[in-house]
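>>> here is my input; please provide its structure:
(chains A and B)
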There are 2 protein chains.
Amino acid sequence: MVDAAIQSGTANRECMFEAFARRLPSGRRYGIVAGTGRLLDLIRDFRFGDAELDWLRANDVVRPPTLDWLADYSFSGNIWGYREGDAYFPGSPLIQVDGTFAECVVLETLILSVLNYDSAVASAAARMVSVSLGRPLAEMGSRRTGEYSAVAAARAAYIAGFAATSNLEAGRSWGIPTMGTAAHSFTLLHDSEEDAFRAQVDAFGTSTTLLVDTYNIERGIELAVAVAGTGLGSIRIDSGDLPTVAAAARAQLDSLGAVNTRITVTSDLDEYSIAALSASPVDAFGVGTSLVTGSGAPAAGMVYKLVAHKDDADQWVSVAKTSASKASVGGRKNALRRLDAAGIAQEEVVLVDDDGPAVAAATDAAAQPGSATERSLLVPLMQAGVVDERYLGPSGTRLAREQNAAAMRELPVDAFRLGRGDAVIPTVFA
Amino acid sequence: MVDAAIQSGTANRECMFEAFARRLPSGRRYGIVAGTGRLLDLIRDFRFGDAELDWLRANDVVRPPTLDWLADYSFSGNIWGYREGDAYFPGSPLIQVDGTFAECVVLETLILSVLNYDSAVASAAARMVSVSLGRPLAEMGSRRTGEYSAVAAARAAYIAGFAATSNLEAGRSWGIPTMGTAAHSFTLLHDSEEDAFRAQVDAFGTSTTLLVDTYNIERGIELAVAVAGTGLGSIRIDSGDLPTVAAAARAQLDSLGAVNTRITVTSDLDEYSIAALSASPVDAFGVGTSLVTGSGAPAAGMVYKLVAHKDDADQWVSVAKTSASKASVGGRKNALRRLDAAGIAQEEVVLVDDDGPAVAAATDAAAQPGSATERSLLVPLMQAGVVDERYLGPSGTRLAREQNAAAMRELPVDAFRLGRGDAVIPTVFA
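Next up, the predicted model:
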């Protein structure tokens, strides 16, 4: 497309692209935006190096003028977006990208890859957190998603309220708290379960978490307390019918005097099985597969569409696809969340062909603390190619986590029903 | 675990770890192994650099002896595995890793991340290919998975028989044939659909593919043929009820004299919707979301378990977890696929506590062409830390694609039923 647009003279037309979701994943009531902080980093560094250019040239993928253009590429436009960690609904204009057609369109795959994956994980994570009754959740799903996605998943889960991750690279890159766990292989490596427990307690002290279900849970617990004493930090159970097993484990620990030993459960948990443990004596959860695969919705379904461009007279023209079942709303947009007096969200208001997000961003600082009736949703993320540094790195990730906590407090209580339903507030185009 | 094992003196015990799937994703009849070629590259280069070591030290994650060990890390053991592209079944010992406990266990997350994601995509891709009736499929899902996973997905899809990808980086890194497509934004950018078609035909000639559904498909087709002539290469349709729309498009193209213009369809295709187009005049498919998310099974469910270790007398000891619902079969293994006289698979035979894969590998070259009754499944991938180069890069990827084609020819025809069922052949442990 860039090649043809350069040839046809339309590559430099100023354009506004928008990323949005036509609908939430089936049955979901809200979505959580995540990936923004990662994305801004990636856009800032997005270049075509010699290796890429040589390959494009050798394979005759694009013509020489396009190769020259790619060689000079760095995004110099403007990006506005929802705050990372915020909630979103169908049609919410999550990211708006303003620049020439060519510079905006080459970012399409990058923007959607990051937002679709990270938001899928954060949206699933938020549902798990909301049914955990305040008990901590640890992200343990690295092995069930691509090796780089694993780091992104740990970050997205933390933004949506998870307490920690087992992915050390996520700790290093993004400042996510990390935790470790012993696997069954550690027990199996030793000549006996007792040897394994003793080795672990010798290494980490009695506050460690012993995995008690390699052979027989009851004997495992007995042995764990025998080795570590009643001051044992916690046990982990990774199999069985968890409500039954957790109750039995609690009773056994108490009868052994280990009344403060905590119980961590893992084993293919998702929001439904976590909710089913509401009344169980479980102190912490470790969640893997279902978290990093979006619990049934592994991609958030966001698309990236051209919504307006300038014509030859330098006037903005709204554009939209009109074909069956995939029509979209053209035009530059602004977005507000209307709240009631108690601060609970009532409507997502998308203002079409408004003065655009630049105005929203300017008034945002003022609107945010003052008004209890509406909240401006778009903030400037990148201006003339320069990223707002506040959104980057570990500090940007913490900011997103705070934003998520605030956004969750705004949602109507119906948002937290696990049963299938529609978006908890309507999106109104005005 | 490495830290505690170093402290307890068990870190250097020789171990055999195995990656396998306890079951296929619900309803699936076979799985396809993918990721091996990527994985071997990643294992060969797996190191802990200064940035990682400094972070581990500063955060007190592991003790100094472990830091020293990590600083010197490079995998020096042996790995056997199923050929990339081969079929697998529940319990198939897909990867066997032999080395010290510590050097094998640090690879767990990497091995599972790569195999679980890539095999999920390849397994879904194979089902789509098997119902495509020989019509080419293009991978177009980069935007619906993490930005690095996108490249892996393109590679996995190609191994399982897809013809091409829209991901240029997959072309550059792995030699996958690439293709491009115009998006709706290209049409919307121009002042009219006619301007857009003319720009594209000027740039790429009449053999290009014009996207005809931005506004109205019937007018779009009329315009496409008016601009490009009856020699137009193809049209793409990305919306609507595709059997209906494709039939109407074919009739219209024929009536306009564009009898050789091909029809490509996209729009949330999966194996079921591709099968539903069996009788439709569709010449090619573009598949995105469902492919890169494993069509309902976004992780292949493989686990990595310690199956044997040497004791202090240097004898192998088989080990296995025995807990509820997650018991596994300990011991070193060999694996054969038993075929009938027509070369159709009958049984997956897993030999436990056999002489192990080293022997299998040695006899493999002889067994492969000669016998029509069984095929040895494990090949050496890495020996004493050295990778078999044949499995790497673009040539390894082509080899995997050939292996996949051969493996698919071996499967009983029931394997290709789309309806839910069990593994098409039983796994027998002997």
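
>>> give me phi/psi at residue A:176?
Phi and psi for residue A:176, reported as degrees, to the nearest 10, are phi -70, psi 130.

>>> against residue A:270, how distant is it?
21 Å (C-beta to C-beta, to the nearest Å). Glycine gets a C-beta too; all of them are placed from N, C-alpha and C.

>>> looking at those two, which is more packed in?
Applying other C-beta atoms under 10 Å in any protein chain shown to residue A:176 and residue A:270 shows that residue A:176 carries more neighbours, namely 26 against 21.

>>> ranges for the strands of the stretch 301-430 of chain A?
Ranges of strands in the stretch 301-430 of chain A, per DSSP state E, counting those that start in this stretch, are A:302-310, A:316-318, A:333-339, A:345-352, A:374-376, A:378-383, A:386-387, A:427-429.

>>> mind listing the strands the fifth one pairs with, and their directions?
In this case it means strand A:374-376. If you go by DSSP bridges, strand A:374-376 pairs up with strand A:333-339 (antiparallel).

>>> orientation of the strand it pairs with relative to strand A:302-310 in degrees?
Relative orientation of strand A:333-339 versus strand A:302-310 (axes from the mean of the first three to the mean of the last three C-alpha atoms, to 10 degrees): 130 degrees.

>>> mind listing what's buried in strand A:333-339?
Of the residues in strand A:333-339, A:333, A:334, A:335, A:336, A:337, A:339 count as buried by neighbour count, 16 or more other C-beta atoms under 10 Å in any protein chain shown.

>>> how far does it sit from its chain's centre?
With C-alpha atoms, centre = their mean, to the nearest Å as the basis, strand A:333-339 stands 21 Å off its chain's centre.

>>> for it, what is the average pLDDT?
Here strand A:333-339 scores 96 as its mean pLDDT.

>>> these two touch, right, residue A:309 and residue A:17?
No: Residue A:309 is beyond contact range of residue A:17, at 9.6 Å (criterion: C-beta atoms under 8 Å).

>>> among the strands of the stretch 301-430 of chain A, which comes closest to residue B:56?
strand A:386-387 (28.9 Å; C-beta to C-beta).

>>> pLDDT on the closest one, on average?
Mean predicted confidence for strand A:386-387 is 98.

>>> show me what it is packed up against.
If you count contacts as 3 or more C-beta pairs under 8 Å, 6 or more residues apart in numbering or on different chains; DSSP states H and E, strand A:386-387 packs onto helix A:36-44.

>>> let's go with 7 Å and repeat that
In terms of contacts (3 or more C-beta pairs under 7 Å, 6 or more residues apart in numbering or on different chains; DSSP states H and E), strand A:386-387 is packed against no helix or strand at all.

>>> show me what contacts residue A:206?
A:228, A:229, A:231, A:232, A:233 (C-beta atoms under 7 Å, 6 or more residues apart in numbering or on different chains).

>>> coming back round to it: adding distance to residue A:91, write the buried residues of strand A:333-339 out as CSV.
CSV is the format used below for the buried residues of strand A:333-339 (distance: C-beta to C-beta, whole Å):
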residue, distance to residue A:91
A:333, 9
A:334, 13
A:335, 9
A:336, 13
A:337, 13
A:339, 18
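
>>> and of those, the nearest to chain B?
Nearest to chain B among the buried residues of strand A:333-339: residue A:333, at 15.7 Å, using C-beta to the nearest C-beta.

>>> so who does that closest one touch?
Taking C-beta under 7 Å, 6+ apart, we find residue A:333 in contact with A:18, A:93, A:350, A:351, A:352, A:354.

>>> for it, name its beta-bridge partners.
Assessed by DSSP bridges, residue A:333 has beta-bridge partners residue A:352.

>>> on that earlier part again, let me know the closest of the buried residues of strand A:333-339 to residue B:210.
residue A:333 (29.3 Å).

>>> still on that earlier bit, mind giving me the ChimeraX command for buried ones among the contacts of residue A:206?
Listed next is the ChimeraX selection for buried residues among these, using 16+ other C-beta under 10 Å:
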select /A:228,232,233
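
>>> now do residue A:170 against chain B, distance only.
11 Å (C-beta to the nearest C-beta, to the nearest Å).

>>> just give me the neighbour total for that residue.
26.

>>> lowest-pLDDT helix or strand in chain A?
helix A:357-370 (a mean of 49; mean pLDDT, DSSP states H and E).

>>> can you give me the strands in the stretch 151-300 of chain A?
Counting by DSSP E, counting those that start in this stretch, the strands of the stretch 151-300 of chain A are A:164-165, A:209-211, A:234-237, A:262-265, A:284-287.

>>> picking up where we left off before, overlap between the contacts of residue A:206 and the residues near chain B?
The subset of those within reach of chain B, by C-beta under 7 Å from any C-beta of the partner chain, is empty.

>>> ok, the contacts of residue A:206 vs chain B, which is closest?
Nearest to chain B out of these is residue A:228 (C-beta to the nearest C-beta; 13.5 Å).

>>> so that closest one touches residue A:201, yeah?
Yes: under the criterion of C-beta atoms under 7 Å, residue A:228 makes contact with residue A:201 at 5.0 Å.

>>> which residues touch residue A:178?
Residues counted as contacts of residue A:178 (C-beta under 7 Å, 6+ apart) are A:164, A:165, A:166, A:168, A:171.

>>> so which bits of the stretch 51-200 of chain A are right by chain B?
So far as C-beta under 7 Å from any C-beta goes, the stretch 51-200 of chain A lies against chain B at A:52, A:55, A:59, A:61, A:101, A:105, A:108-110, A:112-114, A:116-117, A:142-150, A:152, A:168, A:171-172, A:182-186, A:188-190, A:199-200.

>>> switch to 6 Å and redo it
Residues of the stretch 51-200 of chain A that fall close to chain B, judged by C-beta under 6 Å from any C-beta of the partner chain: A:55, A:101, A:109, A:112-114, A:116-117, A:142-144, A:146-150, A:152, A:172, A:182, A:184-186, A:188-189, A:199-200.

>>> just the stretch 251-400 of chain A next, same as before
A:289, A:293, A:298-299, A:306, A:309, A:319, A:321-326.
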